[in-house]
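Asks: sequence and computational prediction follow.
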Amino acid sequence: MRSFTSSIGLTFIAAAAAVLSGCAMAPAAAPVAGSHLDAVQKAAVLRICTPGDYKPFSFQKTDGAFEGIDVDLMTGFSASLGAKPEWVKTTWANLLPDLSAGKCDIAVGGVSVTTDRQKRAFFSAPYMVNGKTPIARCADVSKYQSVAAIDKPSVRVIFNPGGSNERFARTNFKQAKLTLHGENVTIFDEILANRADVFVTEAAEAITQQKLKPGLCAINPDKPLQYGEMAWMLPRDDVAFKSYVDQWLHLQQAGGDFQRTMDRWLK
């Protein structure tokens, strides 16, 4: 476990230097209007979209409360704005549409950075390197060491809808039998019950679930099948809000609070 947590990448965006060309000075930029940074402080509420089905990032318990890495971080982030967190339950398929429609100010819960999402939203600075990793029954680990080994007609690959896991499965597995499973939290039980063989998800989730589900094993989580980064998703074109989010993340990392949150959930 420690080898994985020590490889977590923490990448933060530095302020960019403006480049002036020609002899005349460029006109001053107009101030950003309608930033979520101002709106959240005025309302004293931060609306947070999350699917709430992805341990260890965000998970909704039976009592309706949420827990996980992003939940703890959002509590601190909200407080920095003088706001309280308000959780907006969504699905992976609706996460980006809900953010774009203004139903929330930020989207969290184990969100993978992708260029498709980047076309319609901003991302915070990535806070974790977390690549795609298979999880299977422990007795079958030796069978599924690569994409080619998994992509066979006899292998039953299961995946959840609407996110990067579905995209990875449909892109990489052309011969394996693919099964779309609507509930992320019960996918692991399908493998244990021998109704599926492999699920490819992020390394952090695979490691967490192998602890929670005896009989399942994450396969080479320190050598993922595909490089990936995790970040928070933000409304597009809101530069002021993104700048504040990135600065807050940077200070949390530099001060050690960020790593303590990670260690609490990943060790």
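Replies: That came through fine.
Asks: mind listing the strands for the stretch 1-150 of the chain?
Replies: Ranges of strands within the stretch 1-150 of the chain are 45-50, 53-54, 58-60, 66-67, 84-89, 106-112, 122-123, 128-129, 132-137, based on DSSP state E, counting those that start in this stretch.
Asks: and those strands as CSV, adding distance to residue 195 and mean pLDDT?
Replies: C-beta coordinates here come from the backbone N, C-alpha and C atoms, glycine included. Shown next, in CSV, are these (distance: least, Cβ to Cβ, whole Å; pLDDT from 0 to 100):
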stretch, distance to residue 195, mean pLDDT
strand 45-50, 28, 98
strand 53-54, 19, 92
strand 58-60, 23, 96
strand 66-67, 28, 97
strand 84-89, 27, 98
strand 106-112, 24, 96
strand 122-123, 35, 98
strand 128-129, 31, 92
strand 132-137, 11, 98
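Asks: reformat these as CSV; add mean neighbour count and distance to residue 200.
Replies: As requested, these are exported to CSV (neighbours: other Cβ atoms under 10 Å; distance: least, Cβ to Cβ, whole Å):
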stretch, mean neighbour count, distance to residue 200
strand 45-50, 23, 22
strand 53-54, 24, 14
strand 58-60, 22, 20
strand 66-67, 18, 24
strand 84-89, 16, 25
strand 106-112, 27, 12
strand 122-123, 21, 22
strand 128-129, 21, 17
strand 132-137, 24, 5
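Asks: to residue 254, which of those lies closest?
Replies: strand 128-129 (16.2 Å; Cβ to Cβ).
Asks: what's that closest one packed up against?
Replies: strand 229-234 (3 or more Cβ pairs under 8 Å, 6 or more residues apart in numbering; DSSP states H and E).
Asks: try 10 Å
Replies: Packing contacts for strand 128-129, counted by 3 or more Cβ pairs under 10 Å, 6 or more residues apart in numbering; DSSP states H and E, involve helix 203-212, strand 229-234, helix 257-266.
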